[in-house]
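A.B. asks: coordinates only, sequence not included:
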């Protein structure tokens, strides 16, 4: 029932929900006929049923089962009669009603405005929200929330993944609150097919959990946007001078590549494994990489973004190497084991191709019935200086 001016009315929800062992807050407001003189003193009392006193300023008036468990948290001078019950019991069902006694004025019991409590023995699992598909190396935010009835002792939310958490609390209706924890982290390859778990710990009960499996997407060329910006700038298709200078700076810093090599770099960025084996992809990759003069960091990012796509489930269980040659060797071994084509790889041979520039190649061994040919046209392009006795 709503509060009306200058009448004996009260507003409480007909029912509130609480967890056994936790606390509960019963929201309550009341009104009374305004006397000529402003009241100086109020006494608030709560009853269970018709006569059992569960709250009274004089503790001796409270029945034993509720003594020390109830507190009037509202300010009666502000017409707020909200009640808190601690250590909720299954027997704390009600119904409950409020009574006010105004000094030198009237007294009134709001027996027609009652509230009951639905007591549960176990909490609901938290609600977990995270994107269906996440990108490798791209910052991600996940959120976990749970409703509760005890703002002074809200549930503790924890995550199975490291990151930066933040917590917010929000008051809902009918004596309910919601606490939300947001976790920000950057997914890695080892997160693929792993569970992201949020655990809610309520006082006095067993923790409850909710989990979702992360699907980490690997197939995104990390630096394609940088090269595309440069291409647009150099071709005069509307990029500003400032944009062009920033693009050039990015190219120099990340790829250590002169302007004359940008076409080769763009071709390499467009290279895709598609349905080919990793071994076949690597042959084209190494050939094109020779013309770009990219540094090892850029080449590592480029090949990992493409080759991890095909074998991400298998690679998720591996400890990834941090250098290009070892990464290529690992992906070839896994890919070969899966499709039965490549059975062995040789140790990379370092070729000096021009001046101080060198390039590592390795031979991919397939079953004997498959002919392996190192094409003369490929050797002509880098024109390598090979020392077969030293492997360099």
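C.D. replies: The structure has been received and is ready for your questions. Quick caveat, the model's predicted, so the values are computed rather than measured.

A.B. asks: where does this protein have low pLDDT?
C.D. replies: Across the chain, the ranges flagged by pLDDT under 70 are 1-6, 218-262, 265-266, 292-295, 297-320, 335-345, 348-392.

A.B. asks: what about the helices in it?
C.D. replies: Taking DSSP state H as the test, the helices found in the chain are 224-234, 241-255, 262-270, 278-292, 296-310, 312-315, 324-339, 376-380.

A.B. asks: What is the fourth one packed up against?
C.D. replies: For helix 278-292, the helices and strands in contact under the criterion 3 or more C-beta pairs under 8 Å, 6 or more residues apart in numbering; DSSP states H and E are helix 262-270, helix 296-310, helix 324-339, strand 357-361, strand 364-365. Placement of C-beta: from N, CA and C, glycine included.

A.B. asks: List the buried residues of stretch 17-36.
C.D. replies: Judged by neighbour count using 16 or more other C-beta atoms under 10 Å, the buried positions of stretch 17-36 are 17-32.

A.B. asks: Let's see which of those end up in strands.
C.D. replies: Counting by DSSP state E, the buried residues of stretch 17-36 place 17, 18, 19, 24, 25, 26, 29, 30, 31 in strands.

A.B. asks: ok, now how distant is the third one from residue 327?
C.D. replies: Spelled out, that is residue 19. Distance of residue 19 to residue 327, given as C-beta to C-beta, to the nearest Å: 50 Å.

A.B. asks: next one: residue 62
C.D. replies: Taking C-beta to C-beta, one finds residue 62 at 71 Å from residue 327.

A.B. asks: same thing with residue 180?
C.D. replies: Separation of residue 180 from residue 327 (C-beta to C-beta): 39 Å.

A.B. asks: Likewise for residue 65?
C.D. replies: Distance, residue 65 to residue 327, by C-beta to C-beta: 68 Å.

A.B. asks: neighbour count winner among those two?
C.D. replies: Higher neighbour count among residue 65 and residue 327: residue 327, with 19 against 12, using other C-beta atoms under 10 Å.

A.B. asks: Setting aside sequence neighbours, what's the nearest residue to that one?
C.D. replies: Nearest residue to residue 327 in three dimensions, chain neighbours excluded: residue 321, at 5.3 Å (C-beta to C-beta, 6 or more residues apart in numbering).

A.B. asks: and that neighbour, how many neighbours?
C.D. replies: When neighbours are counted by other C-beta under 10 Å, residue 321 registers 13.
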